[in-house]
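In: curious how this folds, go ahead:
(chains A, B and C)
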Amino acid sequence: MKRTGYRVGKEGAEGKDSRQNGRVLRREMADTVGSVKEALGHSPDLIVRTFLMRGEPQVQVAVIYIDGLTDKEKVNDFIMQSLWGAPTETDLTAAKADCIGVFKEILARATTVGGVMVRTDWNDMMHSLLSGDIVILVDGCAEAIIGDLRGGSWRAIAEPTTEVTVRGPKDSFIESIQTNVSLIRRRLKNPNLWVEPMTIGHSSKTDIAIVYVRGVAEDRLVQEVKQRLSAIRIDAIQGSGYIEELIRDQTITPFPTLYSTERPDMAVGQLLEGRVAIVVDGTPFTLSVPTNFSQFLKSTEDYYLRFHFAVFMRIVRYASFFILLLLPSIYIAVTTFHHEMIPTILVINLLAQREGIPFPAFFEALLMEVSFEIMREAGVRMPRAVGQAVSIVGAIVLGSAAVEAGVVTAMMVIVVSLTGIASFATPGVQLNNAVRVIRFPMMILASTFGFYGVMMGMIFLVAHMTSLKSFGVPYLYPFSPFDPRRQEDTIWRSSIRTSRTRPDLSAKQEGLSDASEGKRQDS
Amino acid sequence: MLRKGNVKIRRLGLPGLALLGLIFLSGCWDYRELNELSLAMAIGIDKDAKTGDYRVTFQIVNSKEIAGRNATGAVAPVAVFTESGETVFEAVRKVALKGSRRISLQHLRDLVIGERLAREGVKELFDLLERDHESRLTTRVYIARGTDAETLLKTLTPIDEIPANAILGKIQLAESTVGENYEVQLVEAIHGIYRKNAGLAISGIKLTGPETTGRKRANLMHTDPPAALKVAGMAVMKNGKLVGWLNRNETRGVAWINNKLKSTIVNLKCEPKGKIAVETYGSATKLKADVRDDRPVIRIIIKQTGKVGEANCPVDLTKSDEIKKLEQQWEAITVHEVKQAVKLAKRLNSDILGFGEAVQRDRPKAWKAMEKEWGELFRTCKAEVTVETVLLRTGMTTKSSMTNK
Amino acid sequence: MEKAKISPGQMAALIFLFEMGTALVVSLGLDAEKDAWIAILLGTAGGLALLGLYASLYRRYPDLPLTSYAIEILGKWIGWPLGLLYALFFIYGAARDMRDGADLLITSVLDQTPLVAIGALMMLTIGYVLHKGIEVLARTAQIYFAVMVVLGVLSNLLLIVSGVIDVDRLLPVLEKGWGPVLDTTLTQSFEFPFAEMICFTMLFPYLSRPGKGIRWSFVALFASGLVLSFSMAMNIAVLGVDIASRSTFPLLTTISLVNIKEFIQRLDVFVVMTLIIGDFFKVAIFYYVAVLGISGLFRIGDYRKLVYPVGLIIYCLSLIIAANFAEHIEEGNLALSSVFLLFGVFLPLLLWIVAFVRQRSLA
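Out: Modelled structure (predicted):
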């Protein structure tokens, strides 16, 4: 799964390719078929069916497709059968029975499928073939008919696995870009929803769609997205994570500056806020830009619940964000530097717990946090059945056994578990990962300088975050730069009835429009 | 892109490296594990009669006995160490050597001063506690009545296993139920002691029973421990020296004037016989100063509310007339006690009532002239007492059960 | 100058945090005893007048920082050296405030930690932020302004709940007349922290909306004066004037009296946080304007090149500036009534007069 990052200009590479092979579409069908087979190394999943069409004179036709990428039944039903049966002899005779005539006839009558195109370029044809279209070649023509019969098996639309809601819709994106775009369009029946296709990856030729609502998303933003995407020079795209890393603004930061979601309703919500979505084929995670910090602490659930409760949930999430980031370091700072803050009874209790503990508080915390991370990693990557065993063992070993053995204090176990739970309570996985990493340097600072270290770490962190931008939008917007008019959907979510402005910088400042009417219904 | 990244890494490199170095080369400066510390809950200060050195006693909590899961019950819940030194600080440092850990003053609750030292003067004691960043100004101050602080702190107490907490609890209870004592925080003590010609009343604690028994855990084996600590009146200080004691029945007036009274019980007489106990639960005192004929006049204005706690006589509490009568009687008792307190303070010639401050506040110009002779002028103060009482409630019953007889 | 814009709100946040700086926690104006708060209010009035002077200079040269318009006004031969002196003054100011903050930290919480280490952490963080530019500093200020407000409100609430406030301790007002109050105002509470506002003459050109920006600056300065005065009054009301004036760190002592049910107690950390935030922004602003001044005077295109070198100078200077805390404070009092007065008041006044006269003579 390694990205082979050679950076050759797109055109240069392809030019070289076609010259090297010297393959073109020929008038002689057999030659072309041979070239295709040769180009794919006589791969067994390449299906070539050649036959003579009925009529006089008999014309040789070839149907080429790739097994598994194309819907086989449809090929049989709509292509084979019609090619065999449809044209009468008179038609063909009338068509003068030359190649062009047959070609036109097939185009006009025989291919009973929706999307049909004619390709004259070898590379275009191969791209279509490898994307799952079928190719029909007619002897005597240097052109190919492409029929859109992409199919084969995809994972069915299932419930989202990473962003679960209680009351929201239960569908999620899958690995097919067509399905994913259709999921978006189904929720946004607006002609202004524009989809612009793009292909990235010299080898993978991954389909990408830039989706936005025209008139809501700023043109500048769309241009910027297109420009950044077309600047990508890479061999293969394996998932949206590649795109994310290649088009984000800053390179050295643990914080995510692109939002990725597997929920169509979330993606639609983002589009209506004037963001641009990037749908990548082969990955169920759709990206949207620009994004900001507060986005990662939102859940679509917020919009399905009463806003009072949504606000409460958001406060809980912000709190758990800070717990995840700061609790271990504050615990270290308080118990090793600022004992005076702890209520007297508690400090006696802690002191009693610490008697006989072999590790200094800092190492104790480090040990526990690292063990927690190991357990978590094991639990995530393991098959589900084993994962449960991991969590049971972890709970026993890290929990009671460690305390019983007098290796760690019970308080530390509480702190670490609270941190762990807090890391599950923030919806944005990417932000979570960033914070999980940052808490370790914070712990080091806390154990060196106490609260002074924590404070300095926080100032450093906030400054770093304010310096980040996501497609030109400051990361901490609208907290800083502070914008009082844009606080409707940050920590506070005001009632949908009263919210009249679009919640984001990238959107134009305007009242309710058709598009946000749509949002009322959908998200 | 990679190259751009490298430049950024290099730019971050130098400060980053410096930061790493800073962290890993650090000694453990202020990093102190909890189990490297001894938590001192109380400090006692005495004066060695022979050498004139300070004797400092620390009551250190034995956390395992208090909060540990495997408390044995065989070990005393606190350890008490004493050491002397020429300065308090020296003694403090030397005490630590008796144990094995650094003594932390951060959770110090009580400061007990031996009576002998208190009589000689305590002005020198407070500098350390005010200067040290660990100690706290909310520490409560007491005087060990009739004994030295060391003996007092070595006595074990039942139920509240840490004697320091027990002392504090006793005072707080006395303050909030009978109003006879009030806690004096270090910050208030410093005020009273360093203000010129000002007085200060500090709660006293005394030891009853044999001191040697008090030191052993065996003391707690009794249902009624033979050696016990008791709240014992308030010490009257003047210019940092103890000049006399107020007994239990005399201290309430002082608490009243100093606006320290939270709750108390006043027994009222009842016609023809019996008693009615009134519980005060809100009391606010204001001092207003005036100067008449070069003589300071202090108006003491007390507003208090209360309820009937017990009525052992046939009185109809549903009638507002009766209530009014009770209120008047209650007022009279309050006025009497307050005047008594003023008289006592004058006798001891210590301005424990904050009259000087009242004059300074209300008559700053006159104060300038009086300031220097306030020590003498205080005796000439005239006190006028106004009390407003409201008997708000009569409890769960209205008429007493005796009304039927 | 970098290409950056500061919004009025951000400028206000910067000014507020700058004024809080170390002034909030030290015994400001306590020479006037109980009337310290009046002295601070008078100082604020002086500060507002001073800001008027700076604003008027800014209106005359809306695109230039102080070190540049000094050259415009006084000509190259006098203006340039003056600009350099200002840059040195800013470096000195940064070093002083850094030492202030570090010393207070050591006194209050980190008594075993060496000055070298505390300063280094502070310097590295500030260096990083300044490297990111003034916009990042201003936005960070906005966030920490909010933090500061929360801390302030919370501390005051806790003090009220603990019932340690005794307003009587503030009485009588003006016991010794106006004399000591005015004296304190002139020698102390006017220069510190209000005359230090001179730094902002270097930052005003970044304002995105000049008119509103200046108005907000006035508001921020006034608000910070009120807060300083209020907190000093609070210190006296809680501690009484004798303890407050003996304390190196009255606010810390005040907050240490919070005790709610023996549970919430010793919230020293609140004050320490306030100190760290305030000191951070104060040093950062002095440091930034020093870098800006130098890069302008020596025509160095990218000020970023200077961030770490100047930082190192400030760092070293802060270490050698005084041998001990007492010397540092003594030197500070001397500097306040001479250096800060000269650079904060007299020189800008001179610039203004010369500019005014030259404009007249031209017209």
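
In: using CSV, write out every CA atom in the helix or strand encompassing B:Val80.
Out: B:Val80 belongs to strand B:78-85 when assigned by DSSP states H and E. Extracted in CSV, the C-alpha atoms of strand B:78-85 (Å, rounded to 0.1, in the frame of the first residue of the first chain):
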residue,chain,number,x,y,z
VAL,B,78,-0.1,11.3,63.3
ALA,B,79,3.5,11.7,64.1
VAL,B,80,4.6,14.7,66.1
PHE,B,81,8.2,16.0,65.9
THR,B,82,9.7,18.8,67.9
GLU,B,83,12.9,20.6,67.5
SER,B,84,14.3,24.0,68.6
GLY,B,85,16.2,26.6,66.8
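
In: give the rounded mean pLDDT of that strand.
Out: For strand B:78-85, the mean per-residue pLDDT is 90.

In: next one: stretch A:150-162
Out: 80.

In: same thing with stretch A:369-387?
Out: Stretch A:369-387 comes out at a mean pLDDT of 81.

In: again, but for stretch A:318-330
Out: Here the average pLDDT along stretch A:318-330 is 92.

In: near chain A, which residues of the stretch 201-350 of chain C?
Out: C:262-269, C:272-273, C:276-277, C:280 (C-beta under 8 Å from any C-beta of the partner chain). For every residue, glycine as well, the C-beta is placed using N, CA and C.

In: ah, wrong one, I meant the stretch 151-300 of chain B
Out: So the stretch 151-300 of chain B never meets chain A (C-beta under 8 Å from any C-beta).

In: residues of the stretch 151-300 of chain B that sit close to chain C?
Out: Residues of the stretch 151-300 of chain B lying near chain C (C-beta under 8 Å from any C-beta): B:Gln185, B:Val187, B:Ile190, B:His191, B:Tyr194, B:Arg195.

In: among those residues, which ones are buried?
Out: Buried residues within those, counting neighbours by 16 or more other C-beta atoms under 10 Å in any protein chain shown: B:Gln185, B:Val187, B:Ile190, B:His191, B:Tyr194, B:Arg195.

In: ok, now which ones touch the last one?
Out: The one in question is B:Arg195. When the contact criterion is C-beta atoms under 8 Å, 6 or more residues apart in numbering or on different chains, the partners of B:Arg195 are B:Gly356, B:Glu357, C:Asp242.

In: filter the residues you listed to the buried ones?
Out: Going by neighbour count (16+ other C-beta under 10 Å), the contacts of B:Arg195 have B:Gly356, B:Glu357 buried.

In: report the longest helix in chain C, please.
Out: helix C:66-108 (DSSP state H).

In: ok, B:Gly192 to A:Met198 distance?
Out: From B:Gly192 across to A:Met198, the span is 81 Å (C-beta to C-beta, to the nearest Å).

In: which one of these two is surrounded by more residues?
Out: B:Gly192 (22 against 16; other C-beta atoms under 10 Å in any protein chain shown).

In: alpha carbons of the helix or strand harbouring the more buried one, as PDB, please.
Out: For B:Gly192, the host element (DSSP H and E) is helix B:186-194. Extracted in PDB, the C-alpha atoms of helix B:186-194 (Å, rounded to 0.1, in the frame of the first residue of the first chain):
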ATOM      1  CA  LEU B 186      -3.500  33.800  60.100                       C
ATOM      2  CA  VAL B 187      -4.400  36.800  58.000                       C
ATOM      3  CA  GLU B 188      -6.600  38.300  60.700                       C
ATOM      4  CA  ALA B 189      -4.100  37.500  63.400                       C
ATOM      5  CA  ILE B 190      -1.400  39.400  61.500                       C
ATOM      6  CA  HIS B 191      -3.800  42.300  61.300                       C
ATOM      7  CA  GLY B 192      -4.500  42.400  64.900                       C
ATOM      8  CA  ILE B 193      -1.000  41.900  66.000                       C
ATOM      9  CA  TYR B 194       0.900  44.300  63.800                       C
END
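
In: looking at the contacts of B:Arg195, which is nearest A:Tyr65?
Out: C:Asp242 (95.1 Å; C-beta to C-beta).

In: go through the strand or helix carrying the closest one and flag the buried ones.
Out: Applying DSSP H and E as the criterion places C:Asp242 in helix C:241-246. For helix C:241-246, a neighbour-count test (16+ other C-beta under 10 Å) marks C:Val241, C:Ile243, C:Ala244, C:Ser245, C:Arg246 as buried.

In: any chance of these in a markdown table, with pLDDT and distance to A:Leu326 too?
Out: Shown next, in a markdown table, are the buried residues of helix C:241-246 (pLDDT from 0 to 100; distance: C-beta to C-beta, whole Å):
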| residue | pLDDT | distance to A:Leu326 |
| --- | --- | --- |
| C:Val241 | 85 | 38 |
| C:Ile243 | 85 | 33 |
| C:Ala244 | 86 | 33 |
| C:Ser245 | 84 | 36 |
| C:Arg246 | 84 | 35 |
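
In: relative to C:Ala138, which of those is nearest.
Out: Using C-beta to C-beta, the buried residues of helix C:241-246 come closest to C:Ala138 at C:Ala244, 34.0 Å.

In: and residue 362, what does it touch?
Out: Picked chain A for this. Contacts of A:Phe362 (C-beta under 8 Å, 6+ apart): A:Ile332, A:Thr336, A:Met443, A:Ile444, A:Ala446, A:Ser447, B:Tyr31.

In: the chain in question should be chain B.
Out: B:Lys288, B:Ala289, B:Asp290, C:Leu171, C:Pro172.

In: distance of the fourth one from chain B?
Out: By that I understand C:Leu171. As for C:Leu171, its distance to chain B is 4 Å (criterion: C-beta to the nearest C-beta, to the nearest Å).

In: how near is C:Tyr54 to C:Thr185?
Out: Separation of C:Tyr54 from C:Thr185 (C-beta to C-beta): 19 Å.

In: again, but for B:Gln304
Out: 44 Å.

In: same check on B:Leu129?
Out: Per C-beta to C-beta, B:Leu129 is found 34 Å from C:Thr185.

In: ok, now A:Thr409?
Out: Taking C-beta to C-beta, one finds A:Thr409 at 54 Å from C:Thr185.

In: ok, the helix or strand hosting C:Ile38 near chain B or not?
Out: Using DSSP H and E, C:Ile38 maps to helix C:36-60. No - for helix C:36-60, no contact with chain B is found by C-beta under 8 Å from any C-beta; the gap never falls below 14.8 Å.

In: pLDDT of that helix, averaged?
Out: Mean predicted confidence for helix C:36-60 is 91.

In: and it, what does it pack against?
Out: Here helix C:36-60 touches helix C:66-108, helix C:178-184, helix C:210-239, helix C:347-362, going by 3 or more C-beta pairs under 8 Å, 6 or more residues apart in numbering or on different chains; DSSP states H and E.

In: can you tell if the shortest one touches chain B?
Out: No - Helix C:178-184 lies out of reach of chain B by C-beta under 8 Å from any C-beta, never closer than 13.6 Å.

In: what's in contact with that helix?
Out: For helix C:178-184, contacts defined as C-beta under 8 Å, 6+ apart pick out C:Gly29, C:Asp31, C:Ala32, C:Glu33, C:Asp35, C:Ala36, C:Ile38, C:Ala39, C:Leu42, C:Leu174.

In: which bits of the stretch 301-450 of chain A sit near chain B?
Out: So the stretch 301-450 of chain A meets chain B at A:335-337, A:339-340, A:344-345, A:347-357, A:360-362, A:444-445, A:447-448, A:450 (C-beta under 8 Å from any C-beta).

In: now go through the residues you listed and say which are in strands.
Out: The subset of those located in strands under the criterion DSSP state E is empty.
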